[in-house]
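Engineer: build me a structure from this.
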Amino acid sequence: MNKRIIVISANSDIGYNICKDLRKDGWEVYGTYRKEINLSSLKKLGVKMYKLDMSQSEAVKMVSTKLRDEIGSWNVLINATGMQSPIGKFEKVDINAWVESVHVNFIEQVRVVHYLLPVASKNSSVIFFAGGGTNNAVKNYSAYTISKVALIKTCEILDFENEDVSFSIIGPGWVKTRIHDETLGAGEQLAEENYQTTLQHFDSGEFTPIEDVQSSIRWVMSQPKSVVGGRNFSTVYDAWGVKELEEMLANDFDMYKLRRNGNDRFINSKNKN
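Structural biologist: Here you go, the predicted model:
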């Protein structure tokens, strides 16, 4: 049986490396692109590419439908789309740019899933990418952060609804990709402390190796729904590939999911009974 994977934003830094990695193993790879970065290399690798601007809802519908009609069933769908802009305090950014960012980082990625889910193979996987802000508040990146948190909960909900499809999301950490150009371009006045943090990563060369990101993706793809379904993983901090973690996940429904903290700390006496 052919193994088919669809990579949305296949020409992004992470998407490109995913395509290269899986093509070596004989996967049929289908990808989308907006700009022609890495396009010729992907085509040489045998990746069939479809032009798609993720900010255009009608284009998302058209290309998703075309993919569904042309390739039929698929085994893995990976959404590698992401943008940090607009950067700055919420009340000062262009609200239209803010809304567009939420669309690209959340709404349109879910729209792709909506159109492609009916032709998913049994035991298939959908993988998104998370960002900072899950465990704390991130200043000046509200559209990006809110979108990523929404994707985390979406994974849990859709995983619960679909018996034969596993939904997971992976936080890759600080990977050396073009997305950081947005922070550097915004400058310290808008990005504040994250500007200096980004500079420090580039100066020190401390980034998550892309090979680690690829390995964590492969691990998620290889695991049963009971282990990875509906969960938010970290390439950097989680012991993926370790049997003990797999056993813990299989036995803990809430592990690595979005939950309210402190429910048991102070109980309203009126609700005790």
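Engineer: give me the pLDDT for residue 263.
Structural biologist: Looking at residue 263, its pLDDT stands at 80.
Engineer: now it: how far from residue 254?
Structural biologist: Distance from residue 263 to residue 254, counting by CB to CB, to the nearest Å: 11 Å. Bear in mind the C-beta positions are built from the backbone N, C-alpha and C, glycine included.
Engineer: pull the residues that contact stretch 172-192.
Structural biologist: By CB atoms under 8 Å, 6 or more residues apart in numbering, the list of residues contacting stretch 172-192 from outside reads 12-14, 82-85, 87-88, 129, 139-140, 194-196, 198-199, 201-202, 206-208, 210, 213, 216, 234-236.
Engineer: can you turn the buried part of those into a ChimeraX selection?
Structural biologist: Remark: buried members of the contacts of stretch 172-192, expressed as a ChimeraX selection using 16 or more other CB atoms under 10 Å:
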select :12,13,14,82,83,84,85,87,88,129,140,194,195,198,201,207,208,210,213,216,234,235
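Engineer: the contacts of stretch 172-192 in strands, which ones?
Structural biologist: Of the positions in the contacts of stretch 172-192, 129, 234 sit in strands, assigned by DSSP state E.
Engineer: which ones among the contacts of stretch 172-192 are found in helices?
Structural biologist: Judged by DSSP state H, helices contain the following of these: 13-14, 194-196, 198-199, 201-202, 210, 213, 216.
Engineer: closest to residue 153 among those residues?
Structural biologist: Nearest to residue 153, judged by CB to CB, of the ones in helices among the contacts of stretch 172-192 is residue 216 at 20.6 Å.
Engineer: how about the helices of this protein, start to end?
Structural biologist: Taking DSSP H as the test, the helices found in the chain are 13-24, 39-44, 57-71, 95-102, 108-116, 142-161, 180-186, 188-191, 193-204, 210-222, 225-228, 243-251.
Engineer: of all the ones you listed, which lies closest to residue 167?
Structural biologist: Per CB to CB, nearest to residue 167 of the helices of the chain: helix 142-161, 4.0 Å.
Engineer: name the helices or strands packed onto that closest one?
Structural biologist: helix 95-102, helix 108-116, strand 120-129, strand 165-171, strand 231-234 (3 or more CB pairs under 8 Å, 6 or more residues apart in numbering; DSSP states H and E).
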